[in-house]
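*Asks:* Give me coordinates for this.
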Amino acid sequence: MTDYQIEPNGTVLGQWDLEGGGTHHGAVTADDPARYIAAGGDDDGDVDDFDLSTDTIDANITSAVVHVQATSLNSQILTVDIYNGSGWVGTKTQDGIPVSPLTWFELEWTGLNMTQTNVNDMRVKVIAPAEIPDKGASLLVWQLYVVITSSPAGAPASIEKVYGVASSAIEKKYGTNWSDIAKIYGIS
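*Replies:* Residues are numbered from 1 along each chain as shown. Here you go, the predicted model:
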């Protein structure tokens with residue numbers, strides 16, 4: 001398995017408030033406490049959608065983890081989704097973003113089946129809560145990046161995807177048991 005870190009490098013849609021100047025994607029990659037994006041009381045359901053840098057991958061991408069550094073003024077919910085080049089994969093939420101300190105969160109998608117073409121077109125979006133209770137209740141995002149993980153060619157995306165009938169077929173074909181196959185491919 002190989003990990004690749006990719007970062008926002010373009011703003012497709014920037015509806016959140018931008019603090020500290022520059023671009024929305026620049027704010028979440030700057031590592032500068034004066035630059036961030038914020039969703040306040042008038043930003044209900046607003047979206048910031050980012051293009052991601054690309055990397056040359058050596059195999060099928062089977063998982064993606066979005067790393068977000070955030071804080072909020074009253075335990076807001078952060079929603080994130082990834083685009084795989086042909087559609088949005090499905091939202092993940094992080095409940096109870098704390099007031100202090102700035103905290104890193106990881107939101108993970110597994111069982112993906114992405115090629116180089118998908119990675120080239122990959123995007124990530126952050127979605128403000130559908131209803132932010134008042135003007136002073138802000139959700140703040142300081143940094144964001146994505147780690148995608150590849151599996152060797154021919155390796156199943158995850159045990160869950162091939163467990164049961166499919167694992168029996170693999171065991172028949174390779175004449176071994178599933179735990180040996182998982183060790184060969186470095187998956188668990």
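
*Asks:* Just confirm Ile127 contacts Lys92, I think it does.
*Replies:* No: between Ile127 and Lys92 there is no contact, the gap being 10.4 Å when judged by CB atoms under 8 Å. Yep, even glycine has a C-beta here, placed from its N, CA and C like the rest.

*Asks:* Now the common contact residues for the two.
*Replies:* Common contacts of Ile127 and Lys92 (CB atoms under 8 Å, 6 or more residues apart in numbering): 79-81.

*Asks:* and the chain, what are its domains?
*Replies:* Residue ranges for the structural domains of the chain, counted by automatic domain parsing, are given in the record as 2-153, 156-188.

*Asks:* Quick check, Trp16 in contact with Asp43.
*Replies:* Yes: Trp16 is within contact range of Asp43, at 6.2 Å (criterion: CB under 8 Å).

*Asks:* Now do the shared contacts for the two.
*Replies:* Common neighbours of Trp16 and Asp43 (CB under 8 Å, 6+ apart) are Ala128.

*Asks:* Between these two, which is the more surrounded one?
*Replies:* Legend: neighbour count by other CB atoms under 10 Å for Trp16 and Asp43, higher for Trp16 (25 against 19).

*Asks:* Name whatever forms a beta bridge with the closest residue in space to the more buried one that isn't next to it in sequence.
*Replies:* The spatial neighbour of Trp16 that comes closest, neighbours along the chain excluded (CB to CB, 6 or more residues apart in numbering), is Ile37 at 4.1 Å. When bridges are taken as DSSP bridges, the partners of Ile37 come out as Leu18, Val141.

*Asks:* In the chain, where is pLDDT below threshold?
*Replies:* 134-137, 153-188 (pLDDT under 70).
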